[in-house]
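>>> Below: sequence and its predicted model.
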Amino acid sequence: MKYTRLGSSDLNVSRLCFGCWQLNPKFWGEVDIAGWEEAVRGALDVGINFIDTADAYGDGVAEEELGRFLHSAGLRDQFVIATKFFWNFSDGDTRFADTTHDYIIRACENSLRRLQTDHIDLYQIHSWDALTRPDEVARAFATLKAAGKVRWFGVSNLNPEQMDLYRDHFEINSLQPGYSLLDRRIEQRELPYCLRHGIGVINYSPLYRGLLGGRYTAGSKIEDGRAFGPFFHGEGLRIVAEAMEKAKVIAAELDLTMAQLALRWTLTHPAISSSIVGVKKPDHILGALKATEGPLSQEIWHKVGNLFSTAVAKVEALPD
Ligand SMILES: NC(=O)c1ccc[n+]([C@@H]2O[C@H](COP(=O)([O-])OP(=O)(O)OC[C@H]3O[C@@H](n4cnc5c(N)ncnc54)[C@H](OP(=O)(O)O)[C@@H]3O)[C@@H](O)[C@H]2O)c1
């Protein structure tokens, strides 16, 4: 496994990160927990030391499962744990953005309890909260850091202007954006910004929520929370599946699977520190490993990138 230093922190993280959103049954359906635990152990065995979760995944479920397993297996200290706050779901059905001082302190205490740990390695703001001043967020962060409850801070889904506002008040060590062959929007502004300011990037949905995993075809029926997306059904799926058939030929020439090619493509970008793979079972994380073995050549990176950019443009041009 290859490792990288995350931003200006002292966190030395594997280039693949284990994603825990899959423990949200409302979106992803039920997960076999024994298989998921095996996946965590398997990840550790091959050197993956980085786990991403969020308090909002299953309204606490993902953090609880992770905390229960790491505690009972005595594995907490083997992992760099990244979690997130932002969605105030304390009110039952409704959830709303909340980064006020008191809420952050409360959310952190709740995450520590669920994760059964005394500290969070990387605490991330899940998204942009237009209603709370950055100095108020900074005040909460300073309290948590001084108490040793959080080691480093990161952000997710933010643009450069929003990061600028926060960076006037506290150090941002990482950005967590979506990035894949089917979603390249951050290449224009966010990735250059992070390179310029030494901010680590841990990209989510590198397989575009599994679509680039290689097992879906034009005729597939995807019936979990992903079904609503334009690439996941009908003509959109057919167009992406067609691009994937061509990409699979390139993958085979490199002795890679489609999933490994898609992951290696994101890891080849110099701004990307680690790619977060969403995991339900051991094959997901172990099947991704080969992606980290080296970068793609410039020629292949552009060829594969263009293949999917053309597909995205075709899907975007479809009538509603
Ligand atoms: N900050 C944010 O706003 C945000 C948003 C989304 C996600 N995230 C984080 O990022 C993680 C990853 O995002 P994601 O779950 O959307 O991403 P993803 O890795 O693009 O998709 C995960 C899905 O891909 C398939 N898959 C996984 N490994 C595979 C492999 N080796 N080969 C083939 N298929 C494979 C599985 O679906 P199938 O079983 O259907 O094939 C799996 O459920 C999440 O778990 C979460 O930690 C953060």
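All right, it came through fine. Residues are numbered from 1 along each chain as shown.
>>> can you pull out the strands in the stretch 201-320 of the chain?
For the stretch 201-320 of the chain, the strands defined by DSSP state E, counting those that start in this stretch cover 272-278.
>>> Pull up the residues of it that are close to the ligand.
With C-beta under 6 Å from any ligand atom as the criterion, the stretch 201-320 of the chain meets the ligand at residues 204-210, 213-215, 259, 276-278, 280, 284, 287-288. (C-beta placed from N, C-alpha, C; glycine too.)
>>> Which of these fall in helices?
259, 284 (DSSP state H).
>>> Can you report phi and psi for I125?
I125 adopts backbone torsions of phi -80, psi 120, taken as degrees, to the nearest 10.
>>> what number of residues lie near it?
25 (other C-beta atoms under 10 Å).
>>> Any idea how far stretch 119-138 is from the middle of the chain?
Its chain's C-alpha centre and that of stretch 119-138 lie 17 Å apart, by C-alpha atoms, centre = their mean, to the nearest Å.
>>> Which residue does the stretch 1-150 of the chain have closest to the ligand?
Here the residue of the stretch 1-150 of the chain nearest the ligand is G19; by C-beta to the nearest ligand atom that distance is 2.4 Å.
>>> Quick one: buried ones out of the residues of the stretch 201-320 of the chain next to the ligand?
204-210, 213-214, 259, 276-278, 280, 284, 287-288 (16 or more other C-beta atoms under 10 Å).
>>> Counting neighbours, which bits of stretch 223-236 end up buried?
Residues of stretch 223-236 classed as buried: 226, 229-233, 236 (neighbour count, 16+ other C-beta under 10 Å).
>>> cool, and stretch 66-85?
Within stretch 66-85, the residues that qualify as buried are 66-67, 69-70, 76, 79-85, counting by 16+ other C-beta under 10 Å.
>>> how deep is the nearest residue to N24 once chain neighbours are set aside tucked in, by neighbour count?
Leaving aside its sequence neighbours, N24 sits nearest to G58 (C-beta to C-beta, 6 or more residues apart in numbering; 4.1 Å). For G58, the count of nearby residues is 22 (other C-beta under 10 Å).
>>> For F85, grab phi and psi.
Per-residue torsions, F85: phi -140, psi 160 (degrees, to the nearest 10).
>>> what pLDDT does it get?
pLDDT for F85: 98.
>>> quick one, what contacts it?
Neighbouring residues of F85 by C-beta atoms under 8 Å, 6 or more residues apart in numbering: 54-55, 99, 103-104, 107-108, 111, 123-126.
>>> Cross-check those against the ligand and keep the overlap.
Among the contacts of F85, the ones lying near the ligand by C-beta under 6 Å from any ligand atom are H126.
>>> want to try TSV for the contacts of F85, with secondary structure and pLDDT as columns?
As requested, these are exported to TSV (DSSP: H, G, I helix; E, B strand; the rest coil; pLDDT from 0 to 100):
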residue	secondary structure	pLDDT
A54	coil	98
D55	coil	97
T99	coil	98
Y103	helix	97
I104	helix	98
A107	helix	98
C108	helix	98
S111	helix	98
Y123	strand	98
Q124	strand	98
I125	strand	98
H126	coil	98
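>>> Return the residues in contact with the spatially most central residue of the chain.
Geometric centre of the chain, nearest residue: Y204, 2.9 Å, by C-alpha atoms, centre = their mean. The contact partners of Y204, by C-beta under 8 Å, 6+ apart, come to 19, 52, 156, 176-179, 276.
>>> if you skip the residues just before and after it, what's nearest to L144?
Of all residues not flanking L144 in the chain, V150 sits nearest, at 4.3 Å (C-beta to C-beta, 6+ apart).
>>> follow-up on the earlier one: now the residue of the stretch 1-150 of the chain closest to the ligand. Its backbone dihedrals?
phi -90, psi 140.
>>> For stretch 185-202, C-alpha coordinates in CSV please.
What follows is stretch 185-202, C-alpha atoms only, in CSV (Å, rounded to 0.1, in the frame of the first residue of the first chain):
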residue,chain,number,x,y,z
ARG,A,185,-16.3,19.6,-12.1
ILE,A,186,-13.6,20.2,-9.4
GLU,A,187,-10.7,20.1,-11.9
GLN,A,188,-11.2,23.7,-12.9
ARG,A,189,-11.1,25.5,-9.5
GLU,A,190,-11.1,23.3,-6.4
LEU,A,191,-8.1,21.0,-7.3
PRO,A,192,-5.8,23.8,-8.4
TYR,A,193,-6.8,25.7,-5.2
CYS,A,194,-5.9,22.7,-3.0
LEU,A,195,-2.6,22.2,-4.7
ARG,A,196,-1.8,25.9,-4.3
HIS,A,197,-2.6,25.9,-0.6
GLY,A,198,-1.3,22.5,0.4
ILE,A,199,-4.8,21.1,1.2
GLY,A,200,-5.1,17.3,0.9
VAL,A,201,-8.0,16.0,-1.2
ILE,A,202,-9.9,12.8,-0.4
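>>> Thank you, goodbye.
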